[in-house]
Every structure is written in structure tokens, then in C-alpha cells.
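**Q** Show me the folded form of this:
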Amino acid sequence: MSLGFMSRTTMFGLACLVSMQAHAQDAAHFFTDKTINFIVASGPGGGYDMYARILTRHFGRNIPGNPAFAVQYLPGGGGLVAANNLYGLSRKDGTVMGLLASSTFLLAAVGDQHTKFENLKFTFIGNMNEEADTCSVWHSTGIKSIQDLKSRDVIIGTAGVGSNSHTFPVGMNAVIGTRFKTISGYSGGAQIRTTAMERGELHGSCGIFVSTLGAQFGQPLSEGKLNVIIQMGLNRHPKYPDIPNALELSGDEAGRQSLELLFAQLALGRPILAPPDVPQDRANLLSKAFQDTMRDRQFLAEAEKTNVETRWFDAARMRDVMMKMETAPAPIKLRVRTILDQQN
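**A** This next block holds a predicted model:
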């Protein structure tokens, strides 16, 4: 190897290193004096709002340049309005991100025509909490068991087609024989549905995460006014070890696999994403800042004080979860589409 070739190779390597360092510095300075628009896939007052507020109070402190955050609520379509907006209409420079409804990723994975996005093309930032879901009923209904859910009509409110509050009960009706009757129009947070239960307007509600129950409904739970009847997830949540999981009640393997695909999204309980094509150096910076925030002492102190569960994980695992949903067997996807009446 000639000395000239070695010199040229060394110079090329140094140039690449300088370029990488310059990009990193650009990313570090980019967010100075910027405001990050933070989209939330629900209205104010619910579990998503709770997580968005606690994150945005601390996230900017861990991003170089200390940007401000402006929260924007985009409810509608069970989370589809926010997901479609973030993916297709938002700036792709790192100044827009959002907390989306994980249920919308299922719809995209099974080919729903109303999804205007591709799951794996989002820029993944991190997931604030791995969740389990529940169906609960008001004490005055007299509903106390799984058998009650199968033997009588149970009127529940939903946030709209595409939301967990809709897709999960519809799926359980098809697979395990429950008799949930869904009424849409209760978007804006679980509190709206719980208030409707108190008025006698609804028997119950599905699509309330365990974390939301603990943070917002501790009093009616402890007083026995709100009762969890069934839970959904790949396993029983540690807080509810004695509440049956819908997966345990499926009578056939195909049905169980269908519910597993439905429930896989729960791992992405509080997902933070940005639009596609955010410059990689800025995406890396935001992902690291997210992890730093999840370990931040002030953030953790507030989370403990407000009873906000944080079983978080990073962008790499988010992609793994998404990939498993995308690569589910075609017959199972078809059955899920049939269950949800989302056939193309």
C-alpha cells in the first residue's frame, strides 16, 4: 500500500469524522429558541393528556437548547385524526412529535383504509409505559362476572371506531362470546365515560388502561363503585392478578392468536413518535433526551406523586413491537379485519 494512498484514506476518514461532529453540533444547537408542537390523540383530561403533560414539563430540560413545548389536542376517529396528521401534515424537522393512540397501529397493520400512514416509517422516540387494558362496570348494574358479560347486553361507551374502547369489546364479542353493545361519541378521555356510568347512561367502559385507573379513578375503585370485570393484554397485569384475561377465555387457537394481535398494541401504551424523515441526528438526539427524561429525578418524583406508571422502553424496542404486528400471519390479520369489520 502506497504512502499516498494511506494519506488519502486518513484524510477521508478525518473528513468524515469532522462531518459527523458538525452534524451532531448542528443537532445540538437546532432546538435553541424553538417550540416543539406536541400532538395528543385525545382531548384534555384523560390518560393521554396526563402523560403528555408530565412529559412535556420535563422533556425540554433534557434536550440541548431547552426548547419549549406546546400541546395540541387532536381527538377524533379513535386516534386516527392525530396519527394521520402527524404522519402526513406535520413538519419533519424535529419540531413536531406526538403521543398517539396505540390502537391506530393495529388498524394500519391489518390494512384499514382510513389509515394514511405506514407504521414502520414513523420516527420512533420512545414509549412511556407498557400497558394493560380493562373493561369495568358501574356497581349499580349488578354485573359481577365474565358470565354476566356473556348472558346479557352490556352497554358501553367508546371513543370511536379504531379506539381500544371499540376494537377490544368487538373482538371479545366475536372470540369469547361477550355481549358488549358499543355506543360511540364518548371521546375526550375516560372520565367522560365514567361520568356517563354514574348517570345511568352506560353500564360500563372498556379501553381504560390500568395506569389511567390507578391515577384517575382510585376513589370509585376503592369504594366499590367502579368494578374491573375483565382485562386485556398478553399477560395479567401485576395490579390485577385475580381478574381474568380475555386471552385465557378463547376456545380455539385461531381465536387466541387473533386476540394476541389485537392486544399486542398494548405494549406501546404511551408511544412518542415524530413524522417520517426527521434528520437522523435530530431523531437520535430526541430519543436520547427521552431516555434521559425517563430517568430524570424531577420527572420520576412527579410521576410517583401523581401515580403515573412508567414502564418505559426505547425506540429500538418500539420498532420491534411494530415489526411483530406488521409480520403477523395473513390469516390472523384477515380474521382481525373480519372481526372489526374493516375489510378492504
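**Q** what about residue 147, how many neighbours?
**A** 9 (other C-beta atoms under 10 Å). Just so you know, the C-beta spots here come from the backbone N, C-alpha and C atoms, and that holds for glycine as well.
**Q** what does the helix or strand harbouring it contact?
**A** Element membership of residue 147, judged by DSSP states H and E, is helix 146-151. Helix 146-151 has contacts (C-beta atoms under 8 Å, 6 or more residues apart in numbering) with 135, 142-143, 154, 176-180, 229-230, 244, 249.
**Q** And the pLDDT for residue 184?
**A** Among the per-residue scores, residue 184 holds a pLDDT of 88.
**Q** ok, it to residue 47 distance?
**A** 19 Å (C-beta to C-beta, to the nearest Å).
**Q** where does the protein dip in pLDDT?
**A** Counting by pLDDT under 70, the chain has low-confidence residues at 1-25, 342-344.
**Q** Just the helices from it, written as ranges.
**A** In the chain, the helices defined using DSSP state H lie at 3-30, 47-59, 80-88, 103-109, 146-151, 164-176, 190-198, 210-216, 218-222, 253-264, 280-294, 297-305, 315-326, 330-339.
**Q** Residue 26 contacts residue 94, correct?
**A** No - counting by C-beta atoms under 8 Å, residue 26 stays clear of residue 94, with 11.2 Å between them.
**Q** ok, these two, which is more surrounded?
**A** Taking neighbours as other C-beta under 10 Å, residue 26 and residue 94 compare with residue 94 leading, 24 against 12.
**Q** Run through the residues that contact that one.
**A** Taking C-beta under 8 Å, 6+ apart as the contact definition, residue 94 lies against 30, 31, 36, 274, 278, 279, 282, 283, 285, 286.
**Q** cutoff 7 Å now
**A** Residue 94 is in contact with 30, 274, 278, 279, 282, 286, counting by C-beta atoms under 7 Å, 6 or more residues apart in numbering.
**Q** Repeat that for residue 306.
**A** 54, 215.
**Q** so how far is residue 132 from it?
**A** According to C-beta to C-beta, residue 306 and residue 132 sit 19 Å apart.
**Q** Kindly report the same for residue 313.
**A** Counting by C-beta to C-beta, the gap from residue 313 to residue 132 is 15 Å.
**Q** again, but for residue 191
**A** From residue 191 to residue 132 the distance is 19 Å (C-beta to C-beta).
**Q** for residue 328, same thing?
**A** 20 Å.
**Q** same thing with residue 219?
**A** Computed as C-beta to C-beta, the residue 219 to residue 132 distance reads 21 Å.
**Q** Now do residue 173: how many residues are near it, please.
**A** 18.
**Q** what sits against residue 52?
**A** If you count contacts by C-beta under 7 Å, 6+ apart, then residue 52 has 38, 40, 71, 99 around it.
**Q** So which of these wins on neighbours?
**A** Most crowded among the contacts of residue 52, counting by other C-beta under 10 Å, is residue 99 at 26 neighbours.
**Q** Kindly state the domain boundaries assigned to the protein.
**A** Domain assignment for the chain by automatic domain parsing gives 22-130+268-339, 133-265.
**Q** quick revisit: show me which of the contacts of helix 146-151 are buried.
**A** Taking 16 or more other C-beta atoms under 10 Å as the criterion, what is buried in those is 135, 143, 154, 176, 178, 180, 229, 230, 249.
**Q** about what we covered before: identify the farthest-apart pair in the contacts of residue 52.
**A** The most widely separated members of these, counting by C-beta to C-beta, are 71 and 99 (9.3 Å).
**Q** what's the overlap in contacts for these two?
**A** 40, 52.
**Q** the more surrounded of residue 313 and residue 132?
**A** Set side by side, residue 313 and residue 132 show more neighbours around residue 132, with 25 against 18, by other C-beta under 10 Å.
**Q** how close does that one get to residue 254?
**A** According to C-beta to C-beta, residue 132 and residue 254 sit 23 Å apart.
**Q** Repeat that for residue 199.
**A** Residue 199 sits 40 Å away from residue 254, going by C-beta to C-beta.
**Q** Please apply the same query to residue 120.
**A** 26 Å.
**Q** Was I right to think residue 55 contacts residue 128?
**A** Yes - counting by C-beta atoms under 7 Å, residue 55 touches residue 128, with 6.5 Å between them.
**Q** Tell me which of residue 199 and residue 254 has more neighbours.
**A** Between residue 199 and residue 254, counted using other C-beta under 10 Å, the more crowded position is residue 254 (14 against 8).
**Q** Thanks a lot, catch you later.
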